[in-house]
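Asker: Fold the following, please.
(2 chains)
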Number of protein chains: 2
Amino acid sequence: MTVVTISILCGFVAILYGFITSRQVLNAPAGNEKMQDIAAAIQEGAQAYLNRQYRAIGIVGVVVAVLVFLFLGPISTVGFLLGAILSGVAGYIGMNISVRANVRTAQGASESLQTGLTAAFRAGAVTGMLVAGLALLAIAIFYWVLTTQMGFEPKSRTVIDSLVALAFGASLISIFARLGGGIFTKAADVGADLVGKVEAGIPEDDPRNPATIADNVGDNVGDCAGMAADLFETYVVTVGATMVLLALTFGDLVGNEMLNNLMSLPLIVGGACILTSIIGTYMVRLGSSNNIMGALYKGFITTAILSIPAIYYVTFQTLGDMNATIGASLDGTGGFTGMALFWCMMVGLAVTGLIIWITEYYTGTEYRPVRSIAKSSETGHGTNVIQGLAISMEATALPTLVIVVGIVVAFQLAGLIGIAFAATAMLALAGMVVALDAYGPVTDNAGGIAEMAGLDESVRNKTDALDAVGNTTKAVTKGYAIGSAGLAALVLFSAYTADLREFFPDLQVSFSLENPYVIVGLLLGALLPYLFGSMGMTAVGRAAGDVVVDVRDQFAKDPGIMDGTSRPNYARTVDLVTKAAIKEMIIPSLLPVLAPIVVYFVITAVAGQANGFAALGALLLGVIVSGLFVALSMTAGGGAWDNAKKYIEDGNHGGKGSDAHHAAVTGDTVGDPYKDTAGPAVNPMIKITNIVALLLLAALAHGMA
Amino acid sequence: MTVVTISILCGFVAILYGFITSRQVLNAPAGNEKMQDIAAAIQEGAQAYLNRQYRAIGIVGVVVAVLVFLFLGPISTVGFLLGAILSGVAGYIGMNISVRANVRTAQGASESLQTGLTAAFRAGAVTGMLVAGLALLAIAIFYWVLTTQMGFEPKSRTVIDSLVALAFGASLISIFARLGGGIFTKAADVGADLVGKVEAGIPEDDPRNPATIADNVGDNVGDCAGMAADLFETYVVTVGATMVLLALTFGDLVGNEMLNNLMSLPLIVGGACILTSIIGTYMVRLGSSNNIMGALYKGFITTAILSIPAIYYVTFQTLGDMNATIGASLDGTGGFTGMALFWCMMVGLAVTGLIIWITEYYTGTEYRPVRSIAKSSETGHGTNVIQGLAISMEATALPTLVIVVGIVVAFQLAGLIGIAFAATAMLALAGMVVALDAYGPVTDNAGGIAEMAGLDESVRNKTDALDAVGNTTKAVTKGYAIGSAGLAALVLFSAYTADLREFFPDLQVSFSLENPYVIVGLLLGALLPYLFGSMGMTAVGRAAGDVVVDVRDQFAKDPGIMDGTSRPNYARTVDLVTKAAIKEMIIPSLLPVLAPIVVYFVITAVAGQANGFAALGALLLGVIVSGLFVALSMTAGGGAWDNAKKYIEDGNHGGKGSDAHHAAVTGDTVGDPYKDTAGPAVNPMIKITNIVALLLLAALAHGMA
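Answerer: Alright, predicted model coming up:
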């Protein structure tokens, strides 16, 4: 068995875990008939949305696949389709288990907090392991077929281009799914709140509100399916880019066997961490203190600690002598040891842990940031928002410092490839991180079902407790995804420059900051997250407005709805949000696809090809330099606003119904599109910009040949 | 007469204009006794604040002056002190005329809209011409003394270092004044609104509110004195950096006489545009349509159009043959013609015009952005803020594109020095732009005085109309300042790299994006505006909270205040805000001063001096790449929120007192620290970071010698 085949085996273990665990979830009792009715409506709506979303994406995908075929040939097209389809599959299955676990979590919570937690976390773990497993399988099997069955050398252009095309497929789906799902979930959420809580004066998740089902559908298609596609993409792009960078920079410095070993290492690290993640999922148990966050932490910490020896072991097995220098240039400079790579991966684990810890600080109800927002709510809506914005900006500082230190340490240890392995190790824990996150929408839905089915208040209290922790874990995943993007973007940029040298060896491209076209590229790149974020937020506003109009119309035409005598037309609202979200997701998603192409051609026309490439390269870094801050501030700020509201609802600063609470609801509403639409979509946006640039290079090179 | 002495003469003309016009302002009738009482209280408060602020800055200034003396010698110290003191003087005189014009504007508005406009605009024009005149005089006289009286060559280190030190003095004052004034004005404004409008239910500017005088004082120390210091700094730094870049890059390529001509050109362009600005001020007159913005535009357009032949004429007179190539390298490459420089300056004028036009679009009540915010207010506080944030992010796009096109065109025409001259031409119009801006706080105050003195409602309506336009012109100036910073930052970075090559000729510093330390520098630089903005906004929140506590205490201890029988203790509130603002401004202001030094030393310790310089250089560009967007979004967004409120108050979407109006007030409150504290302070922050880096280089070089 080779290293790659063992990695593939680990991927299948993840799928098997998903299969077994989803059986366990489905075998749990599904509650009474009313609960099942509600769950069925949610399920139906989510199914209908995803079907339509994937159909829309499918049309774009086919067009792009034809372009990939024309410019890069059949194998890359297979890679593109593989990435695209598996990304869709991960989201699809995750959503499917999530919409079935919600009602079982509600039922479980009516028994005990632990039973509710188990149902929700297991559903999250299924999604988590499927994301990691499918992502690993996609790369590993594709690489295995190319290098062993089809006989391509690991450093061959076919392998490199195909891996990039695979990443492109994953990214393209991901940006649509993240943004479409994000617009759906927040349009439904904000719309339901505005017309329900504010206008009609009925509580959240009241069954009389025609938008409640849409709101619950949104949790599944946004926070579950959208997030799964996003993390699938992040995994594939990061591991794929590491392999591509290895092939591009060490292809001629080490022998074929060593190169194959090096390129297999990210795969086996991913495989090993799937196993440690599975072990970790069994450690998620409430202690005597009933601390939910503590239970989740137990799982994560187990995974992280077990991963240390696991990573050491697979590195040693793959590379042999840990202290031998690999890949030094002919003059003896450069290169790295297996030990250095191991330490770089430890840097990746440390960055992950620190980002989780910092995110918890900024979004947890026990610490200064959330409490300062809660306190500022006493003096009104305005001061709540001001403080929330201030916290969201402040929240970028520590993660940035962590990422910077990570870059410096990994680079000192093993150069650029060290940074790539740090990013790979971060992503290796994706199974566990996604499990923590995907549990959130399940509990959110469970609360909704409990409310709508009129279950006892104690059930709702338990689901609320589970949900509050979900706000933090959701913020954690986003911080983790964007943090890893900070490292991955460097890897992608290095791949871009290496590719450029290979394709255009005679072109003198200056990436120096002294070249004004580099500044131009940085500025235009920095603009993209702003424009993209603005479009996402306006889209939510528009779609939420449609929801308000629809619900008002339903209330007006059938007064029986408010009296509770007739059933609102839930499906009509779901359908409306579906159409709106799909319409709204197209243009912003095309922005990062088209921007690199336009910038390259315009600058090339004005100042020559070398400056065109320089501006394009700078654009890639401009996107990350600005996108990192936009995404970190939005996701942390949104989480903090949400939990400040929850903190007040727990009875602080006047509690529910007080003026402070009203102000906190405003902050929460502002935070919604921040943290669930615009912010998280920046991560796939950064990646797709980079990958389009790599593909553009390849297409230009092929066009010239 | 040399070109430099003519420039100096133009500077004195500006001072003379200021003197004559301020006489005219002071000769206008100052209203009844009650109005004069109120004005006196505002005057006293503003005076007291500025005295204390300058004392605090003075202490920092003396410490820094000693460091400048130790590292860079006596002449640089004189430059530093000159920049610092004249910056203070510009703010001081501007504030002094502003606090006297406010009451005369109120009185004028009771006669006619034109009389009110004249009083307010004249006061603004005094500040504008003083800022431009003093800034020009500072550089021109200093340069004249150094090169003619002391006999230094234009390209000598003494001249270069002294010009940088001069800019440093101006920047250091400016960051404190901008931030201190910004915190003061918004803490008083937000605090007064919270405790007055929201809690006590009394209207804005009600004399029973103890914070009203502080609010009016804030307009003068923030929007007038703070803004004047900021634009003084922008002028000195931009023109100074252009001269320094000329000396560094063409010092060895052209003869001493030509270098002197080139270095004099920015001065005489500034001088010529002072004359065209003065002519422009006389064109500000209401037409038959009573369109206030139109009246102001007449002044600006006159100035801009007259500046075209004026700039051509002085360029021709200074350089002689407009088509001869200047400064080509020995191998015949590079260099530029006088004609090319002229076109670059036209680019600067075009960028200015376009930014004004775009800012008006984003902040004017007639266009989509403001109206979309107003409309979104109908559905509540949350949607108002979401839409406002979306607009604020969108508002960065067009200015960025304009700046990018400006960079590309100017660079194509005349290389880096072309960009420098484009920036210089932008700043040459500073007199007129500041005049438009400084008129804003005067009208704002006039409205307050009219309200407090119980003047007829028709007077308040006129001052309100004047004030609404002031919101746009204030946003315009900020967009203009940060836009010019985008160009100036490139010039400063070029000066940094040129300096580096001169001081450390043997050090191989790679500013390539392929160097991870460059990425580290970019990320850390990009972080600064976020951290700085967060600190500024939290400071406003804290200080506003102090105001609320103080006012509540005054109301509680003396019920006569609310009954209108006893006079609130205005001075106590002013004093409190003064102390809070000065305390809060220190730490954020030191952030951009210390960050470059810390980054250089830490990275040098970790990865060697070459990477230390690379990271520092990248930090300078990271600050601008991120700061441009933070500042543009904050200033445009804040202006849009403010005018959305005004648009609703004009009777749209339910008008005053409606739910939409309440939501719009929230947006306005959020926009306050955005547009008047954190946003505008980013501009001096960017500059000071760059200048500290230049000084650090010089200090390191001297330390080694």
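
Asker: Does the closest residue to chain B within the stretch 601-705 of chain A lie in a helix or a strand, and which?
Answerer: Checking the stretch 601-705 of chain A residue by residue against chain B with CB to the nearest CB singles out residue A:669 as nearest, at 2.9 Å. (Glycine included, C-beta is placed from N, CA and C.) When elements are assigned from DSSP states H and E, residue A:669 belongs to helix A:659-673.

Asker: about what we covered before: what's the local residue count around the residue of the stretch 601-705 of chain A closest to chain B?
Answerer: The local packing count at residue A:669 equals 30, with neighbours defined by other CB atoms under 10 Å in any protein chain shown.

Asker: just checking, next helix/strand downstream of the helix holding residue A:669?
Answerer: Taking DSSP H and E as the definition, the helix or strand that follows helix A:659-673 towards the C-terminus is helix A:679-704.

Asker: on that earlier part again, could you tell me which residues within the helix holding residue A:669 count as buried?
Answerer: The neighbour-count check on helix A:659-673 (16 or more other CB atoms under 10 Å in any protein chain shown) flags A:660-673 as buried.

Asker: and that helix, what other elements does it pack with?
Answerer: Packed against helix A:659-673 by the contact rule (3 or more CB pairs under 8 Å, 6 or more residues apart in numbering or on different chains; DSSP states H and E) you find helix A:157-192, helix A:368-376, helix A:381-394, helix A:516-557, helix A:609-649, helix B:381-394.

Asker: One more pass at 6 Å, please.
Answerer: Under the contact definition 3 or more CB pairs under 6 Å, 6 or more residues apart in numbering or on different chains; DSSP states H and E, helix A:659-673 sits against helix A:157-192, helix A:381-394, helix A:609-649, helix B:381-394.

Asker: Look at the closest residue to chain B within the stretch 201-350 of chain A and tell me its secondary structure.
Answerer: Distances between the stretch 201-350 of chain A and chain B by CB to the nearest CB are smallest at residue A:249, namely 11.4 Å. In three-state terms, and counting by DSSP: H, G, I helix; E, B strand; the rest coil, residue A:249 is helix.

Asker: Just give me the neighbour total for it.
Answerer: Look at residue A:249: counted by other CB under 10 Å, it has 20 neighbours.

Asker: Tell me how many other residues crowd the residue lying closest to it once chain neighbours are set aside.
Answerer: Leaving out its chain neighbours, the residue that sits closest to residue A:249 by CB to CB, 6 or more residues apart in numbering or on different chains is residue A:498, at 5.6 Å. In terms of burial, residue A:498 registers 19 neighbours under the definition other CB under 10 Å.

Asker: what's the closest non-adjacent residue to the closest residue to chain B within the stretch 351-500 of chain A?
Answerer: Closest contact between the stretch 351-500 of chain A and chain B, by CB to the nearest CB, is at residue A:382 (2.9 Å). Nearest residue to residue A:382 in three dimensions, chain neighbours excluded: residue B:669, at 2.9 Å (CB to CB, 6+ apart).

Asker: Using CSV, write down the CA coordinates of stretch A:335-349.
Answerer: Extracted C-alpha coordinates of stretch A:335-349, given in CSV (Å, rounded to 0.1, in the frame of the first residue of the first chain):
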residue,chain,number,x,y,z
GLY,A,335,15.7,23.0,1.3
PHE,A,336,14.1,21.8,4.5
THR,A,337,14.1,18.8,6.8
GLY,A,338,11.2,16.6,7.7
MET,A,339,11.5,17.9,11.2
ALA,A,340,11.1,21.5,10.0
LEU,A,341,7.9,20.5,8.1
PHE,A,342,6.6,18.8,11.3
TRP,A,343,7.2,22.0,13.2
CYS,A,344,5.5,24.0,10.5
MET,A,345,2.4,21.8,10.8
MET,A,346,2.5,22.4,14.6
VAL,A,347,2.4,26.1,13.8
GLY,A,348,-0.7,25.4,11.8
LEU,A,349,-2.3,23.6,14.7
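
Asker: Contacts made by it with the rest, please.
Answerer: Taking contacts as CB atoms under 6 Å, 6 or more residues apart in numbering or on different chains, the residues outside stretch A:335-349 that touch it are A:304, A:311-312, A:315, A:319, A:322-323, A:325-328, A:406, A:409-410, A:413-414, A:418, A:421-422, A:425-426.

Asker: Contact partners for the residue in the stretch 51-200 of chain A positioned nearest to chain B?
Answerer: Relative to chain B, the nearest point of the stretch 51-200 of chain A is residue A:194 (5.2 Å; CB to the nearest CB). If you count contacts by CB under 6 Å, 6+ apart, residue A:194 has them with A:548, B:379.

Asker: how close does it get to residue B:378?
Answerer: Residue A:194 sits 10 Å away from residue B:378, taking CB to CB, to the nearest Å as the criterion.

Asker: Repeat that for residue A:513.
Answerer: Between residue A:513 and residue B:378 the computed distance is 47 Å (CB to CB).

Asker: between the two, which one's more packed in?
Answerer: Taking other CB under 10 Å, residue A:513 and residue B:378 do not tie; residue A:513 has more neighbours (29 against 18).

Asker: For the residue lying closest to the more buried one once chain neighbours are set aside, give me its contacts.
Answerer: Sequence neighbours aside, residue B:511 is the residue nearest to residue A:513 in space, at 4.2 Å (criterion: CB to CB, 6+ apart). Residues in contact with residue B:511, defined by CB under 6 Å, 6+ apart, are A:512, A:513, A:514, B:614, B:617.

Asker: Recalculate using a threshold of 10 Å.
Answerer: Contacts here follow CB atoms under 10 Å, 6 or more residues apart in numbering or on different chains; on that basis residue B:511 touches A:510-515, A:518, B:493, B:496-497, B:500, B:517-518, B:521, B:613-615, B:617-618, B:621.

Asker: List buried residues within those.
Answerer: The neighbour-count test (16+ other CB under 10 Å) marks A:510-515, A:518, B:493, B:496-497, B:500, B:517-518, B:521, B:613-615, B:617-618, B:621 as buried among the contacts of residue B:511.

Asker: Distance to residue A:25 and mean pLDDT added to the helices and strands packed on helix A:659-673, as JSON lines?
Answerer: Converted to JSON lines, those look like this (distance: least, CB to CB, whole Å; pLDDT from 0 to 100):
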{"stretch": "helix A:157-192", "distance to residue A:25": "22", "mean pLDDT": "91"}
{"stretch": "helix A:381-394", "distance to residue A:25": "35", "mean pLDDT": "94"}
{"stretch": "helix A:609-649", "distance to residue A:25": "26", "mean pLDDT": "94"}
{"stretch": "helix B:381-394", "distance to residue A:25": "35", "mean pLDDT": "94"}
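
Asker: out of these, nearest to residue A:679?
Answerer: For the helices and strands packed on helix A:659-673, the distance to residue A:679 is smallest for helix A:609-649, at 3.1 Å, taking CB to CB.

Asker: so how far is residue B:371 from the closest residue to residue A:662 other than its chain neighbours?
Answerer: With sequence-adjacent residues excluded and distances taken as CB to CB, 6+ apart, residue A:662 is closest to residue A:381, at 7.3 Å. Distance, residue A:381 to residue B:371, using CB to CB: 21 Å.

Asker: okay, those two: which has more neighbours?
Answerer: For residue A:381 against residue B:371, the residue with the higher neighbour count under other CB under 10 Å is residue A:381, and the figures read 29 against 18.

Asker: for the more buried one, what are its contacts?
Answerer: The contact partners of residue A:381, by CB under 10 Å, 6+ apart, come to A:659, A:662-667, A:670, B:198, B:380-382, B:384-385, B:662-663, B:665-667, B:669-670.

Asker: Pretty sure residue A:487 sits against residue A:408.
Answerer: No. Proximity of residue A:487 to residue A:408 does not meet the contact threshold set by CB atoms under 10 Å, at 11.7 Å.

Asker: shared neighbours of the two, which are they?
Answerer: Counting by CB under 10 Å, 6+ apart, the contacts common to residue A:487 and residue A:408 are A:347, A:419.
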